[in-house]
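Engineer: when you get a sec, could you give me coordinates for this:
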Amino acid sequence: MGFVFVTGGARSGKSELAVRLGRESGSAVTFIATATAGDAEMEERIRGHRSSRPEHWSTV
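Structural biologist: Residues are numbered from 1 along each chain as shown. Model (predicted):
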């Protein structure tokens with residue numbers, strides 16, 4: 001698949017789209033996650049995002 005850059009506003013579905021594209025690619029995936037946990041709500045969202053990604057993916 002090459003290189004895919006997904007961008008968009010907060011809560012726009014970026015992570016869901018990126019995970020779907022990565023799963024469908026059949027290739028090795030390096031996922032670049034840029035969110036920071038500034039509060040408890042964001043910590044929970046980050047946990048959810050992490051759990052949606054396969055363990056064999058590399059995350060930066």
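
Engineer: contacting residues for the residue nearest the centre of the chain?
Structural biologist: Residue closest to the average C-alpha location in the chain (Cα atoms, centre = their mean): Ser15, at 4.2 Å. Taking Cβ atoms under 8 Å, 6 or more residues apart in numbering, we find Ser15 in contact with His49, Ser52. Heads up, the C-betas are built off the backbone N, CA and C, glycines and all.

Engineer: ok, it to Asp39 distance?
Structural biologist: Ser15 sits 18 Å away from Asp39, taking Cβ to Cβ, to the nearest Å as the criterion.

Engineer: got a pLDDT number for the closest residue to Ala35 other than its chain neighbours?
Structural biologist: Distances taken as Cβ to Cβ, 6 or more residues apart in numbering put Ile46 closest to Ala35, at 5.7 Å, once the chain neighbours are dropped. Predicted confidence (pLDDT) for Ile46: 94.

Engineer: ok, Glu55 next?
Structural biologist: Glu55 carries a pLDDT score of 94 in this model.

Engineer: can you give me the neighbour number for it?
Structural biologist: Neighbour count of Glu55, defined by other Cβ atoms under 10 Å: 7.

Engineer: and what of Gly22?
Structural biologist: The burial count for Gly22: 20, using other Cβ under 10 Å.

Engineer: let me see the contact set for it.
Structural biologist: Counting by Cβ under 8 Å, 6+ apart, Gly22 touches Val29, Phe31, Arg53, Trp57.
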